[in-house]
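Colleague: Need a 3D model of the sequence below.
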Amino acid sequence: MKSMQAFSTLQVAQLAGVSLASLERWLKSGRLEEPARYGDRRLWTPADIVRVKEYAKKYGGRWPKGER
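Modeller: Here you go, the predicted model:
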């Protein structure tokens, strides 16, 4: 069985260059889709990290136009 590389939410925030608070806020507001979970923990994949980085680069913490 192949093991999957998974990252914590803190690791993803650090790798994406955003604060943990911003990442949590984006998840809570629905601006970013929640990753898979194992119990109460989020399991972030490398593809999820790319998605967070793209979102941060595009919006930089600003609300997407027309969503506020």
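Colleague: Quick one: classify the residue positioned nearest the centre of the chain as helix, strand or coil.
Modeller: Nearest residue to the geometric centre of the chain (C-alpha atoms, centre = their mean): residue 52, 4.6 Å. Assigned with DSSP: H, G, I helix; E, B strand; the rest coil, residue 52 falls in the helix class.
Colleague: how close does it get to residue 20?
Modeller: 12 Å (C-beta to C-beta, to the nearest Å). Quick note: C-beta positions are derived from backbone N, CA and C, even for glycine.
Colleague: now residue 13
Modeller: 4 Å.
Colleague: how about the closest residue in space to the residue nearest to the centre of the chain that isn't next to it in sequence, what does it touch?
Modeller: Leaving out its chain neighbours, the residue that sits closest to residue 52 by C-beta to C-beta, 6 or more residues apart in numbering is residue 16, at 4.4 Å. Counting by C-beta atoms under 8 Å, 6 or more residues apart in numbering, residue 16 makes contact with 23, 49, 52, 53, 56.
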